[in-house]
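J.: my questions concern the predicted model and sequence given below.
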Amino acid sequence: MLLDIMQMNEGGGFVIIQDTADCNGRQLLKGFVNAALKREEVVHVLGFDVCENEFRAGLDSRCTQKLCFHDGYTDPLGWTECPPFTVNQFIPQEINTCLRQSEELKEVILVIDSLSWILRHHSPAVVCQRLQELRRGGALRSILALLHSDMHQQGIVGSLCHLATAVILVTPGMSGQHTVAKTTRRTKSGRVTREEEYFSVSEDLTVSIEAQSSRSVDMQEEPEQYETDPAANLTFNLRLSEVEREAKEKLSLPFVFSQEKKSALLQPRRGAGRILYEPDANDDFDQEDPDDDLDV
């Protein structure tokens, strides 16, 4: 599954690579970028965590001309007069302006290194909203972002991962030689698939799968989990059989009148009693003084 996601065939996709201090995910991120450059795709990088030279190290030099690095590492807060790129420029209008700098007018892949730096200066709601706006724009083919999950609260990480079409959590393997990728993938039809794979990234940033774990789960094929029935072990029956249900539906309630009974009660009968009222002097009602009859 990891190599399939690396192809980024799904338009409008959003891939998050989660890492921690115990296992860095930047090599896998650069492996994604290197594979995209070899496919002759245009890649724009918003770089905040490392400088441009460090990010370009190891990438295929024959394809790096299609890589546009927007330097947010040198002056991320805009303290100088002409900063290359600041964290305050993380808005769809500014990013789309940067994307138009490409000579080739084609859909590009946006790489964010990393979302954790942006979350330090923008609220999670604002970041999620702007990511959604970027995904709806026509200039982007896919978004690839690195997220240091141990720097944020679990709710913030969950909110961002909920927007993603694929989430790759990298953790150290048992032997220490290979890295484990716990991938969760969501399709447009709503299918959620989870898989664990052991992978490695070579010096030329080629990602290869070393082994596949047996923990491959398709969420739509899992058996449904039913809750415990609270009325299962009672000494009396709370449910009705079909015969009892039909008898209940035919039963007439004592205070519900049928149409025939209503007609019989409302129809005037000969010899029925009437109430006659004759007002007297004490019943005189003054419209201007309704309380005239009161002794006040």
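T.: Looks like it arrived, so ask away. Note that the coordinates shown come from a computational prediction; the quantities given were computed from them, not determined experimentally.
J.: in the protein, where is pLDDT below threshold?
T.: Within the chain, the segments meeting pLDDT under 70 span 10-12, 102-105, 137-138, 175-177, 213-233, 271-273, 281-287, 290, 292-293, 295-296.
J.: which element is the residue nearest the centre of it on?
T.: Residue closest to the average C-alpha location in the chain (C-alpha atoms, centre = their mean): residue 162, at 3.0 Å. Using DSSP states H and E, residue 162 sits within helix 154-163.
J.: got a list of what residue 260 touches?
T.: Not one residue lies near residue 260 by C-beta atoms under 8 Å, 6 or more residues apart in numbering. In short, each C-beta sits where N, CA and C put it, glycine included.
J.: likewise for the one 4 residues further on?
T.: Under the criterion of C-beta under 8 Å, 6+ apart, the contact list for residue 264 is empty.
J.: Three-state assignment for it, please.
T.: The three-state label given to residue 264 by DSSP: H, G, I helix; E, B strand; the rest coil is helix.
J.: could you measure from it over to residue 275?
T.: Computed with C-beta to C-beta, to the nearest Å, the distance linking residue 264 and residue 275 is 21 Å.
J.: measure the residue nearest to the centre of the chain to residue 116 for me?
T.: 17 Å.
J.: can you check residue 236 too?
T.: 59 Å.
J.: these two: which is more packed in?
T.: residue 116 (21 against 5; other C-beta atoms under 10 Å).
J.: tell me which element the more buried one falls in.
T.: Residue 116 belongs to helix 115-119, assigned by DSSP H and E.
J.: can I get that helix as PDB, trimmed to CA atoms?
T.: C-alpha atoms of helix 115-119 as PDB (Å, rounded to 0.1, in the frame of the first residue of the first chain):
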ATOM      1  CA  LEU A 115       2.800  21.200   9.500                       C
ATOM      2  CA  SER A 116       4.100  21.300  13.100                       C
ATOM      3  CA  TRP A 117       5.800  24.600  12.500                       C
ATOM      4  CA  ILE A 118       2.700  26.100  11.000                       C
ATOM      5  CA  LEU A 119       0.600  24.800  14.000                       C
END
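J.: what helices and strands are in contact with it?
T.: Judged by 3 or more C-beta pairs under 8 Å, 6 or more residues apart in numbering; DSSP states H and E, helix 115-119 is in contact with helix 124-136, strand 140-148.
J.: wait, residue 113 sits on residue 55?
T.: Yes. Residue 113 is in contact with residue 55 according to C-beta atoms under 8 Å; the separation is 6.8 Å.
J.: so for these two, which residues contact both of them?
T.: Shared contacts of residue 113 and residue 55, defined by C-beta under 8 Å, 6+ apart, comprise 45, 47.
J.: residue boundaries of the helices in the chain?
T.: Here the chain has its helices, by DSSP state H, at 2-6, 26-38, 52-56, 92-99, 115-119, 124-136, 154-163, 242-250, 259-266.
J.: out of the ones you listed, which comes closest to residue 62?
T.: The closest of the helices of the chain to residue 62 is helix 26-38. By C-beta to C-beta, the value is 8.7 Å.
J.: put the alpha carbons of that closest one into CSV.
T.: The C-alpha trace of helix 26-38 is given here as CSV (Å, rounded to 0.1, in the frame of the first residue of the first chain):
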residue,chain,number,x,y,z
ARG,A,26,11.8,13.1,6.6
GLN,A,27,13.6,10.4,4.6
LEU,A,28,10.3,8.9,3.7
LEU,A,29,9.0,12.3,2.8
LYS,A,30,12.0,12.9,0.5
GLY,A,31,11.5,9.5,-1.0
PHE,A,32,8.0,10.6,-2.0
VAL,A,33,9.4,13.8,-3.5
ASN,A,34,12.2,11.9,-5.3
ALA,A,35,9.7,9.5,-6.9
ALA,A,36,7.5,12.4,-8.0
LEU,A,37,10.5,14.2,-9.6
LYS,A,38,11.4,11.0,-11.5
